[in-house]
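Asks: Model the structure of this input:
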Amino acid sequence: MASLRAYIGAWMVRRNVRARLGAMDDIAQVRRTFNGATFPDPPAATYEAGSLGGVAGEWVRPRSEGNLRLFYIHGGGFVACSPKTHRPVTGGFATRGFTVFAPDYRLAPEHPFPAGRDDALAAWCAFAEGGPACIAGDSAGGNLALAVMLAARDRGLPMPQAAALFSPVTDLAATTGSRVSNALRDAMFNPQSLAKLGPMYLAGHDARDPEASPIYADPTGLPPLLFHVGEREILRDDSVRMAEKARAHGVDATAEVFPVVNHVWQFADHRLPEARRSLDTAAAFMKRHAGAGRA
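Replies: Numbering: from 1, shown residues only. I've put the predicted structure just below:
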């Protein structure tokens, strides 16, 4: 059963975010909406600018000791946000014992596909030189996390020990399923409006290219995957279908569907029970597999 705060939070997102996003054909307005500060930076973490693999980013570290490593790729529809906007999530993982690096990858439409993926992959390779690590991402960042894993597998590069994916976009060509059934229920996105971001990112590239839409890739050989998504999201099926396909190819993959919550509800770690449970579960999942990798 969803908490009362989940209902209130979804209502506030519908009123304050979905309404401001509008038709999502004004990239400046989309960026103002996505980049606007919403939640405070978790005080139990420190934040420091850094660079890996020639890609700028941000280190987020626990103030107390933490010996686990996490590479986190922020979302934002491929066109907005930054490591700073996602401190409520990266800081949340830091308070759970992870040292996090979040790359500030190039954004569309100025830098379309595959620029963001290439930046994330370069930074991941440099991060992996420091030792075993996990990977995570939300929304468009979840897409890039999957793309990084697929590219790393194909090129014989280091792979993460596990991945936590929050409402990832896995199918940029999707027009059916939850894109239709949740069109009125999704608190944040109108499917017709959201669909405008894909062409900005792809710039004419095939939306069914497995490097752009992981649902069309062969997931064989990927590490354990954990998907968290909202039952009312238009992106619900992106997680459910990806997890099903991964399991069919022998990958340890789980999709947990949360009732009522809005897209990337993990931002509200400090006030929403479902956000705390999601981050707690994801952290425990990655710690378990990181521990198995060291055994």
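
Asks: And the strands in the stretch 101-250 of the chain, which stretches?
Replies: Using DSSP state E, counting those that start in this stretch, the strands of the stretch 101-250 of the chain run over residues 134-138, 163-166, 225-230.

Asks: nearest to residue 246, of those strands?
Replies: strand 225-230 (5.7 Å; C-beta to C-beta). (C-beta placed from N, C-alpha, C; glycine too.)

Asks: Check which helices and strands the closest one is in contact with.
Replies: Strand 225-230 sits against strand 163-166, helix 236-248, strand 253-258, helix 273-294, with contacts defined as 3 or more C-beta pairs under 8 Å, 6 or more residues apart in numbering; DSSP states H and E.

Asks: Now do that strand and strand 134-138, the angle between them.
Replies: 20 degrees (axes from the mean of the first three to the mean of the last three C-alpha atoms, to 10 degrees).

Asks: Run the chain-centre distance for strand 225-230.
Replies: Computed by C-alpha atoms, centre = their mean, to the nearest Å, the chain-centroid distance of strand 225-230 equals 10 Å.

Asks: Now do it: everything it contacts.
Replies: Among residues not part of strand 225-230, those counted as contacts by C-beta atoms under 8 Å, 6 or more residues apart in numbering are 162-168, 235-236, 238-240, 242-243, 246, 251-263, 265-266, 278, 281-282, 285-286.

Asks: now it: mean pLDDT?
Replies: On average, the pLDDT along strand 225-230 is 98.

Asks: Convert the C-alpha atoms of that strand to PDB, please.
Replies: What follows is strand 225-230, C-alpha atoms only, in PDB (Å, rounded to 0.1, in the frame of the first residue of the first chain):
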ATOM      1  CA  LEU A 225      20.100  -5.800 -12.500                       C
ATOM      2  CA  LEU A 226      17.600  -4.200 -10.200                       C
ATOM      3  CA  PHE A 227      14.800  -2.000 -11.700                       C
ATOM      4  CA  HIS A 228      12.600   0.300  -9.700                       C
ATOM      5  CA  VAL A 229       9.700   2.000 -11.500                       C
ATOM      6  CA  GLY A 230       6.300   3.500 -10.600                       C
END
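
Asks: That strand relative to helix 273-294, how many degrees between them?
Replies: Using the same axes, to 10 degrees: strand 225-230 against helix 273-294 is 180 degrees.

Asks: Strand 225-230 pairs with which strands, parallel or anti?
Replies: Strand 225-230 sits in its sheet next to strand 163-166 (parallel), strand 253-258 (parallel), going by DSSP bridges.

Asks: Outside of the first one itself, list whatever touches it.
Replies: Read that as strand 163-166. Contacts for strand 163-166 (C-beta under 8 Å, 6+ apart): 75, 89, 134-139, 142, 145-146, 149, 222-229, 239, 264, 266, 278, 282, 285-286.
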